[in-house]
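S.K.: fold the following and give me the result.
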Amino acid sequence: MMKLTALIVLAALSAGGAAYAQGGGGLSPEVHAARDAVMKACTAEAHSLCAGKEKRAMMICLRDNAAKLSAPCAEAMSKMPPRPPRPQ
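M.R.: The predicted structure is shown next:
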């Protein structure tokens, strides 16, 4: 059960990183590396703090809970590009 949950979380984080693609040409190498680091470092936080969230909502949730992230997860999140403005 835990492996399935981890796979779901990783898939959501992976898809969420696509929201940061630049110019429609896919992910830049920097964004790709940052997304991979978040996927590895933030699985527990994604499960505990952001359960039920997917894709972009998962990334926003992790950013909104920055004060609650573990040091490795916070470090990985700090390398993500700035969050685009939320729609009004």
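S.K.: ranges for the helices of this protein?
M.R.: Using DSSP state H, the helices of the chain run over 2-17, 29-41, 43-49, 55-64, 71-78.
S.K.: okay if I get those as a markdown table plus mean pLDDT, mean neighbour count and distance to Pro85?
M.R.: Yep, even glycine has a C-beta here, placed from its N, CA and C like the rest. Shown next, in a markdown table, are those (pLDDT from 0 to 100; neighbours: other CB atoms under 10 Å; distance: least, CB to CB, whole Å):
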| stretch | mean pLDDT | mean neighbour count | distance to Pro85 |
| --- | --- | --- | --- |
| helix 2-17 | 52 | 15 | 17 |
| helix 29-41 | 86 | 17 | 18 |
| helix 43-49 | 91 | 17 | 22 |
| helix 55-64 | 87 | 18 | 12 |
| helix 71-78 | 93 | 16 | 18 |
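S.K.: surely Met59 touches Pro81?
M.R.: No. Using CB atoms under 8 Å, Met59 is not in contact with Pro81; the gap is 10.4 Å.
S.K.: and the closest residue to Lys79 other than its chain neighbours, how far from Ser48?
M.R.: Distance criterion CB to CB, 6 or more residues apart in numbering; nearest residue to Lys79, sequence neighbours excluded, is Ala34 at 4.3 Å. Using CB to CB, to the nearest Å, we find Ala34 at a distance of 21 Å from Ser48.
S.K.: also Ala57?
M.R.: Counting by CB to CB - Ala57 and Ser48 are separated by 16 Å.
S.K.: Ala41 too?
M.R.: As defined by CB to CB, Ala41 lies at a distance of 14 Å from Ser48.
S.K.: likewise for Ala66?
M.R.: Counting by CB to CB - Ala66 and Ser48 are separated by 14 Å.
S.K.: ok, Met58 next?
M.R.: To Ser48, Met58 is 12 Å away according to CB to CB.
S.K.: now do Ala33 against Met77, distance only.
M.R.: Taking CB to CB, one finds Ala33 at 13 Å from Met77.
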